[in-house]
Every structure is written in structure tokens, then in C-alpha cells.
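Undergrad: Can you look at this prediction? I've put the sequence above it.
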Amino acid sequence: MQIKRLRLTGFKSFVDPADLRIEPGLTGIVGPNGCGKSNLLEALRWAMGENSAKSMRGAGMEDVIFAGTASRPQRDFAEVSILAEQAGGPDEGELEVVRRIERGAGSAYRINGRDVRAKDVGLLFADSATGAHSPALVSQGRIGAIIQAKPGERRQMLEEAAGISGLHVRRKDAEQKLRATETNLTRLDEMISDQE
Ligand code: ATP
């Protein structure tokens, strides 16, 4: 998957709509302290389904919405859109993933205009060896954490890099369904023997 564009509206310091074209190859973001470089990486992770407000440097998820300044009022919503090109697989072609949060209403996700669950967005990116917690997105302090990672955490990083973390999520889902079906079968057996 190649991310081609990031679009932000009302997200943290990006109060006005901002479009960033991401060309193939290495992309560098430069600017003075506090200009919003980290906010851009956070916007990317947020749209990929990040659900920890703490890792977005906030107390609650609504803290990602533009909080206002002396000259501009706060906003009621924040929206981030990722435009990506997917090569191969069932979702081949251009994909637009949008996450929007409104004060008091929580987050909603769309893929190519269709309402989806956070889990669908997580799976989409996990299958492409990326996502909100991907080691490919290296934020401040993360290099130290990667060096000091425990063997289990390192294995998780390697699995993400290999693009198989989506399979783990699906396996967990399948195991849950299997357990629920086994419980239903046991109950059915009990009901049948009660009737006999
Ligand atoms: P540094 O180089 O120091 O790491 P940076 O360029 O990465 O800085 P960020 O940390 O991305 O900068 O941006 C910080 C700015 O974002 C601060 O000015 C902060 O006030 C602003 N900011 C964060 N959240 C919000 C919000 N909800 N509403 C408005 N502004 C916000």
C-alpha cells in the first residue's frame, strides 16, 4: 500500500483544511518547534484507528479536535482522510479512509464513502503491514522502545512487517465464533436430552 495524500480538517493545530501530497520515496517534514510535525504523524495513526488518547498526547480522544486560540474559536469536529493506492488483493485500487470525530458523538470511519467499523480499518492496514501501532511509524521516543523491546514485542514487530498481523486478528475472531458455537451445541444437547 502506498499512502498518497493526507488531508486534515480541525485536527489539533490544523484548524483549516490542509492537504499533504506524499510522493513515492522518502518524505521529510521540517519546521520550527511546535509547528505541528508530530501532529501530522499522529493524524496518520489516528485515521488508521488509534484508540489510545494518551498516545495521541491527550486526556480524551476529543482532545484531537482543534481547541481554539485567542483569535479562533474551537471546532466541533476533526476529520482526517488518507488516500492510498492498494496493489493486489480484494481492495486493489485507490482507497480513501476517513475518520471523523464530533464532540459528544465519538468517532466514525468510512472507506471509499461507505460506513465501516474501526475494526475493518484496523484489518485493512494490518493486511498491508502497517497501522496505528506499526513499527514503521517511528515517533519520538519510539526508537528507544524498539531497542529495549522484549522478545514477544519484537516478534509482534516482525509479524507486522511480514503483513500477517491481520491473520492473527481473524484467527482470534474465528476462535471466538467456534467457542460460541460449541456452547450453543452443548446447550442444544442438553435441551434434546431434557425432551427425551
Ligand atoms: P517539536 O519540534 O517541538 O517536536 P512539532 O513540530 O512536532 O514540535 P507538534 O507537537 O506536532 O509540533 O505540535 C504542537 C502544537 O500543536 C502546539 O502548539 C499545540 O498547542 C498544538 N495543538 C495540539 N493539540 C491541539 C488542539 N487540540 N488544538 C489546537 N492546537 C493544538
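TA: Thanks, I have the structure now. Numbers count the residues shown, from 1 in each chain.
Undergrad: how does this structure divide up, domain by domain?
TA: As given by automatic domain parsing, the domain ranges for the chain are 2-163, 167-196.
Undergrad: okay if I get these as JSON lines plus mean neighbour count?
TA: Every residue, glycine included, has its C-beta placed from N, CA and C. Shown next, in JSON lines, are the domains of the chain (neighbours: other C-beta atoms under 10 Å):
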{"stretch": "domain 2-163", "mean neighbour count": "15"}
{"stretch": "domain 167-196", "mean neighbour count": "10"}
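Undergrad: Dump these into CSV; add mean pLDDT as well.
TA: Listed next are those as CSV, based on pLDDT from 0 to 100:
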stretch, mean pLDDT
domain 2-163, 88
domain 167-196, 91
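Undergrad: Which one of those domains lies nearest to the ligand?
TA: The closest of the domains of the chain to the ligand is domain 2-163. By C-beta to the nearest ligand atom, the value is 3.3 Å.
Undergrad: now the strands for this protein?
TA: 2-9, 18-21, 77-86, 93-102, 106-111, 114-116 (DSSP state E).
Undergrad: Could you export those strands to a markdown table, including columns for distance to Gln195?
TA: Formatted as a markdown table, these follow (distance: least, C-beta to C-beta, whole Å):
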| stretch | distance to Gln195 |
| --- | --- |
| strand 2-9 | 59 |
| strand 18-21 | 66 |
| strand 77-86 | 53 |
| strand 93-102 | 51 |
| strand 106-111 | 46 |
| strand 114-116 | 43 |
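Undergrad: before we move on, back to that, can you redo the domains of the chain as a markdown table with distance to the ligand?
TA: As requested, the domains of the chain are arranged in a markdown table below (distance: least, C-beta to the nearest ligand atom, whole Å):
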| stretch | distance to the ligand |
| --- | --- |
| domain 2-163 | 3 |
| domain 167-196 | 30 |
